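Colleague: Provided below for reference: sequence and predicted model.
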Amino acid sequence: MSDLNTLAPDNRDLSMFPGEYGLPFLGKTVEFVKDTLAMCNKHYEKYGPVSRLDMVKNQRVLMCLGPEFNEATLFDPKGNFSVAGGYASSLGGLYPDGMLTRDDAKHKRTRRASQPAFKNDALKTYVDMLIPIQERRIQDLPINEEFIFYDNIQKTLMDVAARVFIGLDELSPEAKKLGHLFSEINEGLITPLPYDLPFLQFRKSLKAREELRQFFIENIPKRRGSNGLDMFTRYCNAKDEDGEYLDDIDIDGHIAFLLFAAFDTTTSALTNILYYLGKNPEWQDKVRNEIFSVTNEMPTFEDLAEMNLTEYVFQETLRFYPSVMVLNRRTTRDVNVAGYDIPANTVVMISPPFTHRMEQWWDDPYTFDPMRFSPERAEHKRHGFSYVPFGGGAHKCIGMHFAMMNAKLYLFRLLKNYKINLRSDYDPAFQHVHLPRPVDGLPITLTRI
Ligand code: HEM
């Protein structure tokens, strides 16, 4: 198995599969960016569950659609698929030491060291950190006046990142600087020209990544031995199974990647949740009634666990628009999945939202129906890998409970006081890449309850 330094070149001979490579250099990137789901549907109808295509820089990919491919790539007990190989070209340049660019023992070591920061005891301490941030941001929201929700929730979650992930005062100049660096790095992930050349965005992104690295490396000795409860300090104090602190490069790599993995995904999820609640006022009332029935005070960690209807809305939103619209892997050897022989070193792409809308697995999949997640119906359990907004197997999202808790807390405070209103004829186009959300950022108007 491989990590980024030991990867063999990709297999480019996919001539035994049907499909279409698309344009020179760009491949099918334009179609993919414009409407990822439409592209998956088109390939599925024309070529069946397995088809070939090219992405930007002629990255050759085998698209594999359906739960059996999700299971084979994500669960993968025999190590037939490498996650580092899958993300080398997209994440490898800017996040080479994150959890999704590491396989096997290296991944296991950091995943194990990370676990305490995501256990219930730790999550409880984050609730206390989240409340004042969300409280301040929600108090500042414009009332009776339309504003772009996406821009607003980005700022809120950047505050969360500064305080809960890095342990900074979210209002400090240092937090602002890091926020800026972080945005600059992520621009490099979506640039069409990811080359380290003068005047190109990618070079600026690499420079910003280096500055962020310096910040973490300088601060590791200051945080070690301190009793901060933020994730960065927890990582600095974490030890591996031999009782050794993690290396500086591991801490930098993982905290930087954690910020990336947490921030955009939750921004997308909350924006889309508000869209669906605005579109379905009866569900807004149900969630609000649940909130009133749970507590009149600020909710505790235990109160949040009781917000079941809110959870179904979260799950149903991620069924339509999982924040990560495609997941990548690369075969480590020749593999047969569902009768298809896939050669070694082939980059494979699976699509959670495609599977989330398959009529074979879901009742009326294009209808917004959160109760499909209730224990009585449990449609998501019909196949272990038909619902994969957080992936599965060894790399399953480590932050999913944090994400849910953060979203519930935000919705608790927002819906308790305000009604979300959309324009009466609102029917936005959705962008799918880099993150799914209404293209216009979701203009909403809040009115007091
Ligand atoms: C709605 C919010 C989120 C969604 C939909 C989401 C989705 C995902 C998915 C699909 C994966 C697996 C990718 C793959 O296997 O290729 C993943 C992995 C990961 N996520 Fe999340 N995520 C969310 C929030 C978060 C948060 C809040 C954090 C941190 C606090 C986080 C940290 C991570 C990390 C570290 C990994 C890599 C885990 C590993 O490789 O072992 N995510 N996430």
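Modeller: On my side now, so go ahead.
Colleague: Can you pull the poorly scored residue ranges out of the stretch 51-200 of the chain?
Modeller: For the stretch 51-200 of the chain, no stretch is flagged by pLDDT under 70.
Colleague: just the strands in it please.
Modeller: Remark: strands assigned in the stretch 51-200 of the chain by DSSP state E, counting those that start in this stretch are 59-64, 81-82, 147-148.
Colleague: Tell me which of these is the most buried.
Modeller: Across the strands of the stretch 51-200 of the chain, averaging neighbours per residue (mean count of other Cβ atoms under 10 Å) puts strand 81-82 on top, at a mean of 26. (Glycine included, C-beta is placed from N, CA and C.)
Colleague: so how far is it from its chain's centroid?
Modeller: The chain centroid and the centroid of strand 81-82 are separated by 19 Å under Cα atoms, centre = their mean, to the nearest Å.
Colleague: what does stretch 182-194 give?
Modeller: Remark: stretch 182-194 is offset 16 Å from the chain centroid, using Cα atoms, centre = their mean.
Colleague: now stretch 429-440
Modeller: On Cα atoms, centre = their mean, the centre of stretch 429-440 falls 14 Å from the chain's centre.
Colleague: Show the end-to-end separation of that stretch, please.
Modeller: Taking Cα to Cα, to the nearest Å, the first and last residues of stretch 429-440 lie 8 Å apart.
Colleague: ok, now which ones touch the nearest residue to residue 27 once chain neighbours are set aside?
Modeller: Leaving aside its sequence neighbours, residue 27 sits nearest to residue 54 (Cβ to Cβ, 6 or more residues apart in numbering; 2.8 Å). Residue 54 is in contact with 21, 22, 27, 28, 60, 61, counting by Cβ atoms under 8 Å, 6 or more residues apart in numbering.
Colleague: Tell me how many other residues surround the second one.
Modeller: Other residues lying near residue 22 total 19 when counted by other Cβ atoms under 10 Å.
Colleague: And the third one, by the same measure?
Modeller: Using other Cβ under 10 Å, residue 27 has 21 neighbouring residues.
Colleague: Tell me who's in contact with it.
Modeller: When the contact criterion is Cβ under 8 Å, 6+ apart, the partners of residue 27 are 21, 53, 54, 55, 56, 58, 59.
Colleague: Verify the stated contact: residue 72 with residue 337.
Modeller: Yes: contact criterion Cβ atoms under 8 Å: residue 72 and residue 337 qualify, at 4.4 Å.
Colleague: Phi and psi next, for the residue of the chain at minimum distance from the ligand.
Modeller: The nearest approach of the chain to the ligand comes at residue 399, 2.1 Å away (Cβ to the nearest ligand atom). Main-chain dihedrals, residue 399, degrees, to the nearest 10: phi -100, psi 10.
Colleague: Which residues are in contact with it?
Modeller: Residue 399 neighbours (Cβ under 8 Å, 6+ apart): 118, 258, 261, 262.
Colleague: If we check the ligand, which of those are in contact?
Modeller: 258, 261, 262 (Cβ under 6 Å from any ligand atom).
Colleague: before we move on, the earlier item: show me what the residue nearest to residue 27 bridges to in the sheet.
Modeller: When bridges are called by DSSP bridges, residue 54 pairs up with residue 60.
Colleague: My guess is residue 405 contacts residue 125. True?
Modeller: No: assessed by Cβ under 8 Å, residue 405 is found out of contact with residue 125, at 11.5 Å.
Colleague: For this protein, which residues are neighbours of the ligand?
Modeller: So the chain meets the ligand at 99-100, 111, 258, 261-262, 265-266, 269, 318, 322-324, 327, 389-391, 395, 397-399, 402-403 (Cβ under 6 Å from any ligand atom).
Colleague: and those residues, which of them are in strands?
Modeller: With DSSP state E as the criterion, strands contain residue 327 from among these.
Colleague: Among the residues of the chain next to the ligand, which ones are in helices?
Modeller: 111, 258, 261, 262, 265, 266, 269, 318, 402, 403 (DSSP state H).
Colleague: Who is residue 437 paired with across the strands?
Modeller: residue 431.
Colleague: sorry, back to before: what's the distance between the residue nearest to residue 27 and residue 46?
Modeller: Counting by Cβ to Cβ, to the nearest Å, the gap from residue 54 to residue 46 is 16 Å.
Colleague: Find the nearest non-adjacent residue to residue 205, please.
Modeller: For residue 205, ignoring the flanking residues on the chain, the nearest one in space by Cβ to Cβ, 6+ apart is residue 188 at 2.6 Å.
Colleague: quick one: contacts for that neighbour?
Modeller: Counting by Cβ under 8 Å, 6+ apart, residue 188 makes contact with 93, 94, 194, 201, 202, 204, 205, 206, 208, 209.
Colleague: Including pLDDT, could the ones next to the ligand among the contacts of residue 399 go into JSON lines?
Modeller: Shown next, in JSON lines, are these (pLDDT from 0 to 100):
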{"residue": "258", "pLDDT": "94"}
{"residue": "261", "pLDDT": "94"}
{"residue": "262", "pLDDT": "94"}
